[in-house]
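Peer 1: Pasting a predicted model and its sequence here:
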Amino acid sequence: MPLVAPKTAQAMADHWSARAHRFDGAASHIRHRAEWKRVLAAALGERSLDVVDLGAGTGACALIAAELGHRVTAIDGSEGMLAHARASAAERGLSVRFVKATMDEAGLAEASADAVTLRNVLWTLENPCAALALAWRILRPGGTLLVSDGMWRKPGQEREAVEIFGVELPFYNGLTEADARALLRDAGFLDPKPWHGLFSVNPYDAYGEIPFFLLTATKPAG
Ligand SMILES: C[S@@+](CC[C@H](N)C(=O)[O-])C[C@H]1O[C@@H](n2cnc3c(N)ncnc32)[C@H](O)[C@@H]1O
């Protein structure tokens, strides 16, 4: 199977560990937590699921999913980011299985998840298609993939991530909903559904109304 991050995995983990201390400061999932919780509840449904959060970071999706009653495994290559997620889970009394590993090395079992979440992770990957293939492999038939991302910067805008990783990352400026729909379709996922319309505000309003999306799609049952 092609790797998600053959060249950047360690540098990416170091990059996010260095950013971890300021990540939650103005983060959308902190400022608009109730909105994210309401929308994730709708997108994941009421049944209690085995959820794998790939690139969990400080726990934006993982903690909310656990709070919604799902059984959550949170994977991240950055110990710095996971340390914040672990502390927040403990503070909230939430049980989450944290795994410090890159997606390629996490040893996730085939057909072990009802839902896989990838929030704001596809843009950080060298090979986003490989991440979707991995999600496909670990999902049970009929399982749900949830992807959310946005257009983080206009082409040409310089940011540290671009300087460090830009040449390796096909979506380093971000993804549109159309980009994501094409990736999901090419990976074999069916029935894409948009959920971003349920937000009552743009959750990235602190960054100048970033265009974003939240989609689910299904791994066919048979
Ligand atoms: C922009 S942050 C998003 C974190 C979280 N999902 C959120 O919505 O706030 C991207 C995260 O993906 C993680 N990541 C990037 N590439 C990864 C890989 N190949 N394996 C595991 N984690 C990875 C980074 O360490 C970082 O924590």
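Peer 2: Good, I have the coordinates. Residues are numbered from 1 along each chain as shown.

Peer 1: Around I64, how many other residues sit close by?
Peer 2: 25 (other C-beta atoms under 10 Å). C-beta: built from backbone N, CA, C; applies to glycine.

Peer 1: Show the pLDDT at the closest residue to G55 other than its chain neighbours.
Peer 2: Nearest residue to G55, sequence neighbours excluded (C-beta to C-beta, 6 or more residues apart in numbering): V121, at 3.4 Å. On pLDDT, V121 comes in at 97.

Peer 1: helices and strands of this protein: which one has the lowest mean pLDDT?
Peer 2: Least confident element among the helices and strands of the chain, by mean pLDDT, DSSP states H and E: helix 160-165 (a mean of 67).

Peer 1: about what we covered before: OK, contacts around the residue nearest to G55?
Peer 2: V121 makes contacts with 54-55, 57, 131, 149, as judged by C-beta atoms under 8 Å, 6 or more residues apart in numbering.

Peer 1: Out of those residues, name the ones that lie in strands.
Peer 2: 54, 149 (DSSP state E).

Peer 1: Can you tell me which of the contacts of V121 is nearest L215?
Peer 2: Taking C-beta to C-beta as the measure, L215 lies nearest D149 of those, at 9.3 Å.

Peer 1: Toward the C-terminus, what is the element adjacent to the least confident helix or strand of the chain?
Peer 2: On the C-terminal side of helix 160-165, the nearest following helix or strand under DSSP states H and E is helix 177-186.

Peer 1: hey, where'd the strands end up in this structure?
Peer 2: According to DSSP E, the strands that the chain contains are 50-54, 71-76, 96-100, 113-119, 139-150, 190-194, 212-218.

Peer 1: contacts for the fourth one?
Peer 2: Counting by C-beta under 8 Å, 6+ apart, strand 113-119 makes contact with 44, 47, 49-55, 60-62, 65, 70, 73, 131, 135, 138-140, 143-149, all of which sit outside it.

Peer 1: filter the residues you listed down to the ones near the ligand?
Peer 2: Residues of the contacts of strand 113-119 in contact with the ligand (C-beta under 6 Å from any ligand atom): 55, 60-61.

Peer 1: how about the residues of this protein that lie near the ligand?
Peer 2: So the chain meets the ligand at 4-5, 9, 12-13, 16, 29, 55-57, 60-61, 75-78, 81, 102-103, 119-121, 124-125 (C-beta under 6 Å from any ligand atom).

Peer 1: coming back round to it: biggest separation within the contacts of V121, which pair?
Peer 2: Farthest pair in the contacts of V121, by C-beta to C-beta: G57 and A131, 14.4 Å.

Peer 1: just checking, F171 touches P128?
Peer 2: Yes. Using C-beta atoms under 8 Å, F171 is in contact with P128, at 6.4 Å.

Peer 1: and the two? which has more neighbours close in?
Peer 2: Legend: neighbour count by other C-beta under 10 Å for F171 and P128, higher for P128 (24 against 18).

Peer 1: ok, the residue nearest to that one when sequence neighbours are not counted to G107 distance?
Peer 2: Once flanking residues are discounted, P128 sits nearest to L122: 4.5 Å by C-beta to C-beta, 6+ apart. Per C-beta to C-beta, to the nearest Å, L122 is found 22 Å from G107.

Peer 1: Of those two, which one has the most company?
Peer 2: Neighbours per residue, other C-beta under 10 Å: of L122 and G107, the larger number sits with L122, 24 against 8.

Peer 1: Pretty sure that one sits against A130.
Peer 2: No. Between L122 and A130 there is no contact under C-beta under 8 Å: 10.9 Å.
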